[in-house]
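Engineer: All I have is the shape, not the residue letters:
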């Protein structure tokens, strides 16, 4: 399949929605004994890098500073919202890993040529 025939705009919109829903679910679910990664900071950084990259692609016409602040606020809000979930507790280190992921996604976006996919 040629990339020009593929609906990249729809693809990135769907992945953005799924990423947001996945982050909310995994941030606010009650803890279980099952853990995929031994270091959850890696999963925080990875998830927010994907969120950041998708956000910058989907909302290209919005001001960059607004998108960055919104993503950092989203990560911080979800992290400290864990104080109200039984068995969960907020972590400043997790919030920093979320912010690191946002920055990583911005770097990947700035180095790529994603705008041409969704025009």
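Structural biologist: Arrived safely, thanks for sending. Keep in mind that what you see is a predicted model, and the values were worked out from it rather than measured.

Engineer: What number of residues are in the vicinity of residue 6?
Structural biologist: Other residues within reach of residue 6, judged by other C-beta atoms under 10 Å, total 11. For the C-beta atoms, the positions are set from N, CA and C on the backbone; glycine is no exception.

Engineer: do residue 11 as well
Structural biologist: 14.

Engineer: tell me which residues in the helix or strand encompassing it are buried?
Structural biologist: Using DSSP states H and E, residue 11 falls within helix 8-28. Within helix 8-28, the residues that count as buried by 16 or more other C-beta atoms under 10 Å are 12, 13, 15, 16, 19, 23, 27.

Engineer: show me where pLDDT drops low in the chain?
Structural biologist: 1-4, 33-38, 115-119 (pLDDT under 70).

Engineer: Now do the contacts for the residue minimising distance to the centre of the chain.
Structural biologist: Closest to where the C-alpha atoms of the chain average out (C-alpha atoms, centre = their mean) is residue 51, at 2.4 Å. By C-beta atoms under 8 Å, 6 or more residues apart in numbering, the contact set of residue 51 is 16, 19, 20, 23, 71, 74, 101, 102, 105.

Engineer: With residue 97 instead?
Structural biologist: Taking C-beta under 8 Å, 6+ apart as the definition, contacts of residue 97 comprise 40, 41, 42, 44, 45, 48.

Engineer: and of the residues you listed, the nearest to residue 93?
Structural biologist: Of all those, residue 93 sits closest to residue 41, with 6.6 Å by C-beta to C-beta.

Engineer: And residue 39, how close does it get to residue 71?
Structural biologist: Distance, residue 39 to residue 71, using C-beta to C-beta, to the nearest Å: 22 Å.

Engineer: of these two, who's got more company?
Structural biologist: Neighbours per residue (other C-beta under 10 Å) separate residue 39 from residue 71, with residue 71 holding more: 22 against 10.

Engineer: what about the closest residue to the more buried one other than its chain neighbours, which helix or strand?
Structural biologist: The shortest distance from residue 71 to any non-neighbouring residue, by C-beta to C-beta, 6 or more residues apart in numbering, is to residue 102 (4.7 Å). Using DSSP H and E, residue 102 sits within helix 92-111.
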